[in-house]
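Asks: I would like to see how this sequence folds:
(2 chains)
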Amino acid sequence: MTSLPGLAEDLVSDVDALFCFSPSGSYYERAAAVEDVDVVVVAPENAVGAELFVELPLEFSDVRERIRFGIEGALNQGLVEDGELLACAASVFGDDIDTMTRVRADASAHSGIYDLFVNSRADPSVIRDVLDVVIELGRKGQKGKPVGALFVVGDAGKVMNKSRPLSYNPFEKSHVHVGDPIVNVMLKEFSRLDGAFVITDSGKIASAYRYLEPSAEGVDIPKGLGTRHMAAASITRDTNAVSIVLSESDGLVRAFKGGELVLELDPEEY
Amino acid sequence: MDLPPLVVDNYGYVLAAVIVALGIVTGYLARKMNERVLEAVGVGEAVEGTSVERTARKFGTSTTTFVARVSGWIIYGVALVLAVRVVNPALATALWVQVTGYLPNVVIALVVIVVGLVAGDKAELAVSERLRGVKLPEIGIIPVTARYSVVFIASLVALSQLGVATTALVIALAAYLAAVIVFTVVATRDLLAAGAAGIYLLLTEPYGIGDTIRIEDMQGFVQEIDVFATRIEDDGTEYVIPNHLVMRSGVVRVRD
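Replies: Down below sits the predicted model:
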């Protein structure tokens, strides 16, 4: 005689840790009361005060990405070991947790997204702020028309040395950081102009209108992407920066690190 | 006037009774009105959760009710003294002078103390809110200090209002303030200097991000300029140079 909870039991039998994605306070309390299982909370912020916590830099709409990021973060922080069995409780359709999956932690499967946020020169919060701006720009466009934009984040000194100005730098002698409330509007206006934005490790906008001059040798990006993506990929190979691009033609946001495409997302989904 | 003899004989007493009755009515009205006004201007919400309010709650009342009640008591008191004055002028004159001379001071002192306690609580809350991001257990001393500073000053004002000798306390306050200022200046001297230099550097930008510069014997290209420090990097070595050092020793811009 099998019952529904009995079928679900297969999912969660012998797991070493339970991953809760953005759980509510009461859900976390119930989960924490379960014996013999570590509870890891993966969320944009640690609202439930969990002991084991992985910060989610943005709410991935794709659940697989979200789970992958959480596991990679936990592996990196040493919260779980390679090869451990994990149960992941996440929300797919609503805001509450409605899904349970069974995954094996695999240290060799690098998605690169975790790496993009955590192991870059720039602060994770700076990268998140830039991504937010780019996603917003991609969703709304400039005066309703799609725009393209290229942000190079981190290692600004080197990036400046590998680029030249196309015109006067509007951010000269200014002290503006991404994430400042007025910046979205400013960047939106300046995105009309050609060239890249250069942003320092701490999030200060160093320059706009930069023409990037890296060597494109050995950079391999998917065919069909234009010069903007090529420049973005190449500069990350020559420097320790990461670059975030909004494509004018297909409206997707892509992030490059070390000359490789590590993240591709559709701004409409966020 | 055609008054019954009973009233005429005890004219003083009747007048006194009328005064007391009027006093009770006015006092009651004043109490109710003050309570309404205090509630309307948001005092009730402002003191929510402060220690004054908690103490008031313990005695089954609230801050606004208490303040309003005090205003009522004062009017009752004045009415009572007036009544006594009508009945027995000789006895009351001395009391009258005492009360009218002293009562306003007591009221002001009381208000100052209540306001001081509330302000102290608010100051503690505001400071600890600002310091929330600082993960250092000992940081808790700063909000408490802020609170007691406010309360101390308030009690000083209140005591001097009552005419208590406060010279010693004022001297203590002066010594405390001087110590705070001296400590702050000594402790943050470098930060102040770096900040002042940093503002100059940000405004005039003698060197920008990406420029190669040399400060003393540290050479590299500029990665970051903020208010307090300039970061330059050279082949995997990053120098964090306080900005006052930049001003003191000057900058060499390397062009090639």
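
Asks: where does chain B dip in pLDDT?
Replies: Where chain B drops to pLDDT under 70, the residues are B:1-4, B:6-9, B:92, B:135.

Asks: any idea which strand is longest in it?
Replies: Identified as the longest strand of chain B according to DSSP state E is strand B:218-225.

Asks: Pull the contacting residues for A:Q77.
Replies: The neighbours of A:Q77, taking C-beta atoms under 8 Å, 6 or more residues apart in numbering or on different chains as the test, are A:V54. The way it works is simple: take the backbone N, C-alpha and C, and place the C-beta from them, glycine included.

Asks: Direction included, what does the longest strand seen in chain A pair against?
Replies: Criterion DSSP E: the longest strand present in chain A is strand A:205-212. Paired with strand A:205-212 in the same sheet, following DSSP bridges, are strand A:163-165 (antiparallel), strand A:196-199 (antiparallel).

Asks: Now for residue 180, how many residues are close by?
Replies: Assuming you mean chain A. The local packing of A:D180 (other C-beta atoms under 10 Å in any protein chain shown) involves 13 other residues.

Asks: Actually, chain B is the one I wanted.
Replies: Neighbourhood size, B:V180 [other C-beta under 10 Å]: 12.

Asks: distance of it from B:A146?
Replies: Per C-beta to C-beta, to the nearest Å, B:V180 is found 11 Å from B:A146.

Asks: Could you tell me which residues of the stretch 101-250 of chain A lie near chain B?
Replies: Selection of the stretch 101-250 of chain A residues close to chain B by C-beta under 8 Å from any C-beta of the partner chain yields A:155-161, A:172-173, A:175, A:198, A:200-202, A:204, A:206-207.

Asks: Try it again at 7 Å.
Replies: Counting by C-beta under 7 Å from any C-beta of the partner chain, the stretch 101-250 of chain A comes close to chain B at A:156-157, A:160-161, A:172-173, A:175, A:200-202, A:204, A:206.

Asks: is it true that B:V127 touches B:I142?
Replies: Yes. B:V127 is within contact range of B:I142, at 6.1 Å (criterion: C-beta atoms under 7 Å).

Asks: can you state the direction angle for the helix or strand following the longest strand of chain B and strand B:218-225?
Replies: Where DSSP states H and E defines the elements, the next helix or strand beyond strand B:218-225 is strand B:229-234. With axes from the mean of the first three to the mean of the last three C-alpha atoms, to 10 degrees applied, the angle from strand B:229-234 to strand B:218-225 works out at 130 degrees.

Asks: Sheet partners, orientation included, of strand B:229-234?
Replies: Strand B:229-234 sits in its sheet next to strand B:218-225 (antiparallel), strand B:237-242 (antiparallel), going by DSSP bridges.

Asks: got a markdown table for those strands, with mean neighbour count too?
Replies: Shown next, in a markdown table, are those (neighbours: other C-beta atoms under 10 Å in any protein chain shown):
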| stretch | mean neighbour count |
| --- | --- |
| strand B:218-225 | 20 |
| strand B:237-242 | 15 |
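
Asks: Quickly find the element holding B:V20.
Replies: Counting by DSSP H and E, the element that carries B:V20 is helix B:11-40.

Asks: If we go by neighbour counts, what in the very next helix or strand once past that helix is buried?
Replies: The C-terminal neighbour of helix B:11-40 among helices and strands, as given by DSSP H and E, is helix B:43-46. Going by neighbour count (16 or more other C-beta atoms under 10 Å in any protein chain shown), the buried part of helix B:43-46 is B:43-44, B:46.

Asks: Quickly note the distance from A:E55 to A:D95.
Replies: Computed as C-beta to C-beta, the A:E55 to A:D95 distance reads 19 Å.

Asks: of those two, who's got more company?
Replies: More crowded of A:E55 and A:D95, by other C-beta under 10 Å: A:E55, with 19 against 8.

Asks: mind listing what the more buried one touches?
Replies: Applying C-beta atoms under 7 Å, 6 or more residues apart in numbering or on different chains to A:E55 gives no contacts.

Asks: how about the strands in the stretch 151-270 of chain A?
Replies: A:163-165, A:196-199, A:205-212, A:242-246, A:253-257, A:260-265 (DSSP state E, counting those that start in this stretch).

Asks: Just want to check the distance between A:V80 and chain B.
Replies: As judged by C-beta to the nearest C-beta, to the nearest Å, A:V80 and chain B stand 25 Å apart.

Asks: Also A:T236?
Replies: Applying C-beta to the nearest C-beta, the value for A:T236 to chain B is 16 Å.

Asks: Quick check on A:T99: phi, psi?
Replies: Main-chain dihedrals, A:T99, degrees, to the nearest 10: phi -140, psi 140.

Asks: Excluding sequence neighbours, find me the nearest residue to it.
Replies: A:V92 (4.8 Å; C-beta to C-beta, 6 or more residues apart in numbering or on different chains).

Asks: mind checking which of the strands paired with strand A:205-212 is nearest A:K140?
Replies: Checking the strands paired with strand A:205-212 against A:K140 by C-beta to C-beta gives strand A:196-199 as the closest, at 17.4 Å.

Asks: which other residues reach the closest one?
Replies: Counting by C-beta under 7 Å, 6+ apart, residues outside strand A:196-199 touching it are A:126, A:130, A:150-153, A:156, A:159-160, A:163, A:178, A:187, A:205-208, A:210, A:212.

Asks: just the helices in the stretch 1-150 of chain A please.
Replies: Secondary structure of the stretch 1-150 of chain A (DSSP state H, counting those that start in this stretch): helices located at A:4-12, A:25-32, A:63-77, A:113-118, A:124-140.

Asks: For B:T55, which of these is the nearest?
Replies: Of all the helices of the stretch 1-150 of chain A, helix A:25-32 sits nearest to B:T55, with 31.9 Å by C-beta to C-beta.

Asks: Is A:S163 in contact with A:E213, as I believe?
Replies: Yes. Between A:S163 and A:E213 a contact is recorded at 5.7 Å, counting by C-beta under 7 Å.

Asks: quick one: which of those two has more around it?
Replies: Neighbour tally, A:S163 and A:E213, criterion other C-beta under 10 Å: the higher count belongs to A:S163, 23 against 14.

Asks: Look at stretch B:124-142 and report the distance between its end residues.
Replies: End-to-end distance of stretch B:124-142 (C-alpha to C-alpha, to the nearest Å): 8 Å.

Asks: Buried residues, it. List them.
Replies: Neighbour-count burial for stretch B:124-142, counted by 16+ other C-beta under 10 Å, picks out B:124, B:127-128, B:142.

Asks: Need the residues that contact that stretch.
Replies: By C-beta under 7 Å, 6+ apart, stretch B:124-142 touches B:143-144, B:146-147.

Asks: Can you select the buried ones from the residues you listed in ChimeraX?
Replies: Selection command for ChimeraX covering only the buried members of the contacts of stretch B:124-142, criterion 16+ other C-beta under 10 Å:
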select /B:143,146,147
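
Asks: Flag every residue of chain B that's near chain A.
Replies: B:202-203, B:205, B:209-210, B:221-224, B:226, B:233.

Asks: Just name the closest of those to chain A, please.
Replies: Taking C-beta to the nearest C-beta as the measure, chain A sits nearest to B:G210 out of the residues of chain B next to chain A, at 2.6 Å.

Asks: Is it correct that the closest one is in contact with A:D155?
Replies: No. Under the criterion of C-beta under 7 Å, B:G210 makes no contact with A:D155, lying 10.4 Å away.

Asks: Comparing these two, which residue is more hemmed in?
Replies: Between B:G210 and A:D155, A:D155 has the larger neighbour count (other C-beta under 10 Å), namely 25 against 20.

Asks: what residues are up against that one?
Replies: Contacts of A:D155 (C-beta under 7 Å, 6+ apart): A:121, A:239-241.

Asks: Include distance to B:T63 and mean pLDDT when you put the helices of the stretch 1-150 of chain A into TSV, please.
Replies: Converted to TSV, the helices of the stretch 1-150 of chain A look like this (distance: least, C-beta to C-beta, whole Å; pLDDT from 0 to 100):
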stretch	distance to B:T63	mean pLDDT
helix A:4-12	54	80
helix A:25-32	32	86
helix A:63-77	48	86
helix A:113-118	49	82
helix A:124-140	41	88
